[in-house]
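*Asks:* Fold the following and give me the result.
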Amino acid sequence: MDPKMLKEINQQIQEETYSGYIYLAMAADLESNGFKGMATWMQVQAREEKIHADIFLNYILERGEKVELEAIQKPPSSWESPLAVFKDALEHEVHITGRINHMVKVARELNDNATHNMLQWFVEEQVEEEANVGEAVQQLEIVGEDGRGKLMIDREMGSRVFNVPASAPYYPKPGQATGA
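*Replies:* Here you go, the predicted model:
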């Protein structure tokens with residue numbers, strides 16, 4: 001693998017790990033403010049981000065390259081409202097989409113078809129990520145300061161469950177060994 005592409009993928013492991021970390025911080029803040037359903041939603045999101053990091057890690061190993069883990073910055077620990085939490089989450093997902101698009105561009109420039117193909121899963125995933133968080137922002141904006149509306153959204157968000165995406169590349173299915 002070209003060293004430039006390897007550097008980008010190693011950086012993405014750090015980006016995805018930070019994503020999980022900030023979503024854990026968001027979950028903790030939401031739960032401490034009585035929004036257990038929204039906290040559950042963020043916990044599921046944090047677990048998904050861990051899978052994303054694992055996919056990049058396993059891809060590097062599958063290609064016979066060296067994983068270089070970077071330090072993770074400390075996330076914020078509190079937000080002024082659930083709306084502020086989800087607006088920050090949306091901004092973060094837009095950032096991650098930009099990173100994925102950048103890596104696709106690098107893969108194209110380097111004629112790295114294997115990496116380009118692997119990244120297509122993430123291109124589609126980011127459309128879904130932004131749409132899900134964007135919907136939460138929209139709903140919270142609609143209800144505004146109405147406590148009953150926030151509680152209804154909280155209850156609905158609490159029904160989200162974690163599922164390993166069946167189509168996730170370079171992520172072991174139940175019963176398979178990992179590359180890590």
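
*Asks:* ok, the spatially most central residue of the chain to Met42 distance?
*Replies:* The centroid of the chain falls nearest to Glu49 when counting by Cα atoms, centre = their mean (3.8 Å). Between Glu49 and Met42 the computed distance is 10 Å (Cβ to Cβ, to the nearest Å). Placement of C-beta: from N, CA and C, glycine included.

*Asks:* who touches both of the two?
*Replies:* In terms of Cβ atoms under 8 Å, 6 or more residues apart in numbering, Glu49 and Met42 are both contacted by the residues Tyr23.

*Asks:* Could you pull up the contacting residues of the nearest residue to Ala27 once chain neighbours are set aside?
*Replies:* Nearest residue to Ala27 in three dimensions, chain neighbours excluded: Met42, at 3.7 Å (Cβ to Cβ, 6 or more residues apart in numbering). Going by Cβ under 8 Å, 6+ apart, Met42 touches Tyr23, Leu24, Met26, Ala27, Leu30, Val85, Ala89.

*Asks:* at 7 Å instead, please
*Replies:* Taking Cβ atoms under 7 Å, 6 or more residues apart in numbering, we find Met42 in contact with Tyr23, Met26, Ala27, Leu30.

*Asks:* Pull the distance from the helix or strand containing it to the chain's centre.
*Replies:* Element membership for Met42 (DSSP states H and E) is helix 36-62. How far helix 36-62 lies from its chain's middle: 6 Å, per Cα atoms, centre = their mean, to the nearest Å.

*Asks:* buried sites along that helix?
*Replies:* Applying a neighbour-count criterion of 16 or more other Cβ atoms under 10 Å, one finds 37-46, 48-60 buried in helix 36-62.

*Asks:* same check, this time on stretch 112-119
*Replies:* Asp112, Thr115, His116, Met118, Leu119.

*Asks:* would you put the C-alpha positions of it in CSV?
*Replies:* The C-alpha coordinates for stretch 112-119 follow below in CSV (Å, rounded to 0.1, in the frame of the first residue of the first chain):
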residue,chain,number,x,y,z
ASP,A,112,-5.5,2.0,-5.3
ASN,A,113,-8.6,0.2,-6.4
ALA,A,114,-8.8,-2.1,-3.4
THR,A,115,-8.9,0.8,-0.9
HIS,A,116,-11.3,2.7,-3.2
ASN,A,117,-13.7,-0.2,-3.2
MET,A,118,-13.5,-0.6,0.6
LEU,A,119,-14.2,3.1,1.1
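
*Asks:* quick one: contacts of it?
*Replies:* Asp2, Met5, Tyr59, Ile100, Met103, Val104, Ala107, Arg108, Pro169, Tyr170.

*Asks:* and what of stretch 54-71?
*Replies:* Taking Cβ under 7 Å, 6+ apart as the rule, stretch 54-71 contacts 1, 6, 9-14, 16, 118, 168-171, 178-180.
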